[in-house]
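S.K.: Take this sequence and fold it.
(one chain, ligands or ions: 1)
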Amino acid sequence: MHPNDKHAANISDFNITDFNQFIAYLNDQLSDNGKGDLPYFMPLARANSVVTEQKAATFYRGLSTPYNQAGWRKMWLCHGDAGQIIGHIDLRAHSEPTSAKRCLLGMGVQRDLRHIGLGKVLLAHAESWLLKTTSINWIDLQVLSGNLPAIRLYQSSNFVITEEKSDVFQLDGHEFSEINMSKKIR
Ligand SMILES: CC(C)(COP(=O)(O)OP(=O)(O)OC[C@H]1O[C@@H](n2cnc3c(N)ncnc32)[C@H](O)[C@@H]1OP(=O)(O)O)[C@@H](O)C(=O)NCCC(=O)NCCS
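M.R.: Residues are numbered from 1 along each chain as shown. Reported below is the predicted structural model:
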C-alpha cells in the first residue's frame, strides 16, 4: 500500500471525546511557530504560541456545531499506528452567517511526518466531503508570508492567491504579510 493510501485510511471524523488530545497535539505543533528556521504559521509571537483557553473554547463551540448552523466547524484527524494524532484539517463557516457558499480552512501535520504527502491527502479528503455533503463552492484560507510549505501545498492543490496585504503582522521583530488564497471547487 502506498503511504498516502495508508494515511487516507486513517483519516476519520473528529469526535468531541478526542478534544483534549487534539488541544495537546495543537499545542505541540504551536511550540514550533517561528522556532529556529521554521516558519511562523500562526500570527502569534513565539512567547504566545499556545492555545489559549479562549481559542480552545472557540474550537469547542465550533466543533459542537453541525454544518449549516451558524458558526459550524467540521474537522478530520489522521491517526498514527499508536493512536496518536499525526494531522488535522478543519473547515468552518465565515463569520458572516449569510456567507453560505464559502468556508474557511485550517490544517496541520505532525512535524516528523511532513513533506510525504499527508497534507495533500487531508486536503483531498476535506474537499471530497464538501462536494458530496454541502453546496459550498469556495474554500478560503489565510496564510502568513514566509510559510512556504503551506503556500506551495495550497498552490499545488490549485488554490490561488487573491490578495497579499503587507505589514499586517509584526512578530518578534519580523514583518509579515497576510496572504489570502481561495479555491473554487465546483
Ligand atoms: C503546511 C503543512 C500542513 C504541509 O503538510 P505536508 O503533509 O508536509 O504537505 P505535503 O507533504 O502533502 O506536501 C504537498 C506539497 O506541498 C509543498 N511542500 C510541503 N512541504 C514543503 C516544504 N517543506 N518545502 C517546500 N514545499 C513543501 C510541496 O509542493 C509538496 O509537493 P511535493 O512533495 O510534490 O513537492 C505542514 O508543513 C504543516 O503542518 N505546517 C505547520 C502548520 C501550518 O503551516 N499549517 C497551515 C497554516 S495556513
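
S.K.: alpha carbons only for contacts and neighbour counts from here, please
M.R.: OK.

S.K.: buried set for the longest helix along the chain?
M.R.: Secondary structure of the chain per DSSP state H: the longest helix is helix 118-133. Going by neighbour count (16 or more other CA atoms under 10 Å), the buried part of helix 118-133 is 118-119, 121-123, 125-127, 130.

S.K.: Also near the ligand: which of the residues you listed, exactly?
M.R.: Restricting those to those near the ligand by CA under 6 Å from any ligand atom leaves 118-119.

S.K.: residues in contact with residue 143?
M.R.: Residue 143 makes contact with 41, 150-151, 178-181, according to CA atoms under 8 Å, 6 or more residues apart in numbering.

S.K.: Let's see that with 10 Å instead.
M.R.: Going by CA atoms under 10 Å, 6 or more residues apart in numbering, residue 143 touches 40-43, 106, 150-151, 154, 161, 164, 176-181.

S.K.: And residue 139, by the same measure?
M.R.: 91-92, 101-105, 127, 130, 159, 181-185.

S.K.: re earlier: if you count contacts, what does the longest helix of the chain end up packed against?
M.R.: Helices and strands touching helix 118-133, by 3 or more CA pairs under 10 Å, 6 or more residues apart in numbering; DSSP states H and E, are helix 3-9, strand 11-13, strand 73-79, strand 85-93, strand 102-109, strand 138-144, helix 148-156.

S.K.: List the pairing partners of the fourth one within its sheet, with orientation.
M.R.: Yep, that's strand 85-93 we're talking about. Each strand paired with strand 85-93, and its direction, by DSSP bridges: strand 73-79 (antiparallel), strand 102-109 (antiparallel).

S.K.: need these in a markdown table with mean neighbour count, distance to the ligand and mean pLDDT, can you?
M.R.: Listed next are these as a markdown table, based on neighbours: other CA atoms under 10 Å; distance: least, CA to the nearest ligand atom, whole Å; pLDDT from 0 to 100:
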| stretch | mean neighbour count | distance to the ligand | mean pLDDT |
| --- | --- | --- | --- |
| strand 73-79 | 21 | 11 | 98 |
| strand 102-109 | 19 | 3 | 98 |
